[in-house]
Structures are given as C-alpha cells and as structure tokens.
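Peer 1: coords please:
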Amino acid sequence: MKTLQKSLIILLITILASCNKDDPKITEIIYFPPLIGNTWETKPITNLGWNPAAAKPLLDYLALKNSKSFIILVDGRIVMENYFNGHDASKGWYWASAGKTLTTTVTGIAEQEGSININNKVSDYLGTGWTSLPLIKENLITNKHLLTMTSGLDDTADCVMPNCLTYKADAGTRWAYHNVYVKLQDVVAKASKQTWSNYFNSKLRDKIGMEGTWFQVDNNSVYYSTTRSMARFGLLISNKGKWDHNQVLNENYCNSATNTSQNINLSYGYLWWLNGKSSYHLPQSQLQVPGSLIPSAPNDMYMALGKNDQKIYIIPSKKMVVIRMGDPADETNFALSDFDDALWKKINALYQ
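Peer 2: Residues are numbered from 1 along each chain as shown. This is a model prediction of the structure:
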C-alpha cells in the first residue's frame, strides 16, 4: 500500500511539473500593476494560443481609423499595447462620456461610506430648485434616476442649469441620455464636504494608481488621462471593484452598475452600456432597436462609451479588458458607431 501511495504521489508531482505555466487552459491569478511606476506585466498572444497573424490587420485598421492608443488586458496582463498617429504612452487624452462610469464608481463609493443613498432624492443633497420642475415633480428624482438616465428631464438641451432642466415625464418612466448625470458629482461633493476632484482622487484615482485630471467642457465634466490609467480603471471594474486585496467599490454595487438597471433601455446599467440584450435605445432617440448593441462582440460584454470612439470594453467570460482612445473613427458620434462592430470582428480573429 505504501508503495502504491508513493507511486501516486510521484505521478502527481510529475504531472504538475510538466504543466506549462503559460498554458491558456490554466486559470491565471489576476495581476495588478504596482500603484507607482510604469511596471506592468505582459503576456505574448502566442502564450494564450491566439493567432499572431491576426494582429497586423487589427493594428492597421486601428491606425486607419484615427486611433491614438489601444490596449488589451487578459487576467490583468498586457497582451497588446499600441500607439498610433504620434501618440505615446506618456500622453493623455480625454475620456468623453466613457468617463461617466467614473462618476458611477465614485457615487457607489460615497454610498458604501454612508455619505449618500442612491435611492434618496437629489434635492436631499442639493436642496430644492436645482431644476425648473414643480417641487412635487422634482422630488421624484432620485440619485438612482441620474445613474440610469431616467430622470424624466427634457434631454433636448445639454445645459444643466436649473432653467434648462425642464419637465418631460415623471422620473422613472422615460429613458433619455442627458448630461444631468453630472449632478451626481455635486451630490457627492456636498455630502462629503470635499471638492469632487479631491474626493475622486483620494477614493478612486490614488487607490488604483491612475493619473489624470478633470476639466470642464461646456456643461460636462470630462476626465483626461493616459491610456494605461483608463486600463487600470477597466481592470478594477472587471474584478468587481477589487484592486489586488483592496475592495475599492463593493461587489454588489458593481454588479448592479453593470447589469440592466431599469425596464426601458435593457442595454443600460448605471451609466454603463450592456451588450447581448434583446433591445437597446441610443442617445438622442426614443426608438427601441431590437437586438444586441454590438452583434460581433461577446454577449456578456459591458462598455464605457464616449464621444469620438473612446472605449472601455470589459468581457468577463474572457477576463479581458480592451481600451481604445483617439479621434472619431469615421465622423463625430455620441457613443456607439459602426466602428464598434467592425473592430470586434478583427479582435475576434485573434482568438477564434
């Protein structure tokens, strides 16, 4: 019996020793780059069993389509990192509306710290008169309505001053893409007794080693950073709000943010876009379109989408984060474009 046990132990050791640590079938521990410095582990696409011949057509397409940068992470490691058209790793670029998801995240952090409740009305924090609505209608609007784009405010003007925020429907009964979400930054600032930037920096940016800054463009608050900083944020959210051993954002909120948040636009969470749903609405439209947002992309993908094709794609089933920054691929657009579907056909060629 002892001889048999010894033989089995030797066999097990031999099998484990023969395993290639780069075998794509072996589950990798998620990697997180250090908070300070530019060190970031890489992993060649050949070690994933991907097709290296598909990389050049993808990169040629990105360069042709006015891209500035492109990153793919798998298990947190950089699989592809490329810069185009004079851009490089040290240069920043604007997130546009992809940065809405930063507001989502910090709102969740403020709630977990007890500063706010997303189910409370906005006027609890900003006071009454932050819109032009009758008080009974204004008091229907909660922080969650701002997170889900269901405030009911008229979306024909981007202005977020009280005189521009007029009634269109009762809160919760109409989905419409609107810059009024930015009022959540005021809610967090008021509740925390800090500026939005200071709270954001201490509670999110610095905890995951991001670099960047906020600046105002018309009535919107826009974030500006390097591509790797955007990738760090994508990695945090892909790991359910946990950075290494630090739970920056609680998992329950992260799950709610990246799943359908209301029954009007099934492809929208808390300022995150969701792929693979049965229908969707687009900005500046009340039309319900059947089918998935990006048919060629994985159904479980969720996205931060910004004007002129700023992209964070997160694919849980592949433990993958994809970042694209740059000028508009074709013409100016608000969030989604034909570029997304064409790009994903080329990304798919890497691993299919």
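
Peer 1: which residues does the closest residue to Met301 other than its chain neighbours contact?
Peer 2: Distances taken as C-beta to C-beta, 6 or more residues apart in numbering place Asn275 nearest to Met301, at 4.2 Å, with adjacent residues excluded. Placement of C-beta: from N, CA and C, glycine included. With contact set as C-beta atoms under 8 Å, 6 or more residues apart in numbering, Asn275 has these partners: Ser267, Ser292, Leu293, Ile294, Ala297, Pro298, Asn299, Asp300, Met301, Tyr302, Met303.

Peer 1: Kindly report the same for Lys190.
Peer 2: Contacts were defined as C-beta under 8 Å, 6+ apart; by that measure Lys190 touches Tyr125, Leu126.

Peer 1: Try it again at 6 Å.
Peer 2: Lys190 makes contact with Tyr125, according to C-beta atoms under 6 Å, 6 or more residues apart in numbering.

Peer 1: now Gln262
Peer 2: Gln262 touches Thr148, Thr150, counting by C-beta under 6 Å, 6+ apart.

Peer 1: at 10 Å what do you get?
Peer 2: For Gln262, the contact set (C-beta atoms under 10 Å, 6 or more residues apart in numbering) comprises Lys144, His145, Leu147, Thr148, Met149, Thr150, Gly172, Thr173, Trp175, Tyr268, Gly269.

Peer 1: Just want to check the distance between the second one and Lys183.
Peer 2: Taking C-beta to C-beta, to the nearest Å as the measure, His145 and Lys183 are separated by 10 Å.

Peer 1: Identify the contacts common to these two.
Peer 2: Overlap between the neighbourhoods of His145 and Lys183 consists of Val122, Ser151, taking contacts as C-beta under 10 Å, 6+ apart.

Peer 1: Tell me which of those two has more neighbours.
Peer 2: Neighbours around His145 and Lys183, counted as other C-beta atoms under 10 Å, are more numerous at His145. The numbers are 24 against 21.

Peer 1: Specify which member of the contacts of Asn275 is nearest to Val222.
Peer 2: Ranking those by separation from Val222, with C-beta to C-beta as the measure, puts Met303 on top at 17.9 Å.

Peer 1: burial of the closest one, as a residue count?
Peer 2: The local packing count at Met303 equals 27, with neighbours defined by other C-beta under 10 Å.

Peer 1: list the contacts for the residue nearest to it when sequence neighbours are not counted?
Peer 2: Sequence neighbours aside, Trp273 is the residue nearest to Met303 in space, at 4.4 Å (criterion: C-beta to C-beta, 6+ apart). For Trp273, the residues meeting the contact criterion (C-beta under 10 Å, 6+ apart) are 97-98, 100-101, 258, 265, 267, 280, 282, 293-294, 301-305, 312-313, 335-336, 340.

Peer 1: Return the distance of the spatially closest residue to Glu138 that is not a sequence neighbour relative to Lys183.
Peer 2: Computed as C-beta to C-beta, 6+ apart, the closest residue to Glu138 that is not its neighbour in sequence is Thr131, at 5.0 Å. Applying C-beta to C-beta, one obtains 9 Å for the distance of Thr131 from Lys183.

Peer 1: Give the residues shared as contacts by the two.
Peer 2: Contact criterion C-beta under 10 Å, 6+ apart; residues bridging Thr131 and Lys183 by contacting each: Val122, Ile141, Ser151, Val160, Leu165.

Peer 1: just checking, next helix/strand downstream of the worst-scoring helix or strand of the chain on mean pLDDT?
Peer 2: Counting by mean pLDDT, DSSP states H and E, the weakest-scoring helix or strand in the chain turns out to be helix 2-18, with a mean of 46. Using DSSP states H and E, the helix or strand that follows helix 2-18 towards the C-terminus is helix 55-64.

Peer 1: quick one: average pLDDT of that following helix?
Peer 2: Model confidence over helix 55-64 averages 97 on the pLDDT scale.

Peer 1: Equivalent analysis for stretch 35-50, please.
Peer 2: Mean pLDDT, computed over stretch 35-50, is 95.

Peer 1: Next, the buried residues of that stretch.
Peer 2: For stretch 35-50, the buried set under the neighbour-count rule, 16 or more other C-beta atoms under 10 Å, comprises Trp40, Lys43, Ile45, Asn47, Leu48, Trp50.

Peer 1: Contact partners for the third one?
Peer 2: Listed by C-beta under 10 Å, 6+ apart, the contact set of Ile45 reads Asn51, Pro52, Ala54, Ala55, Ile72, Val74, Val79, Met80, Leu350, Tyr351.

Peer 1: Who wins on neighbours among the residues you listed?
Peer 2: Neighbour counts for the contacts of Ile45 were taken using other C-beta under 10 Å; the highest belongs to Ile72, with 26 neighbours.
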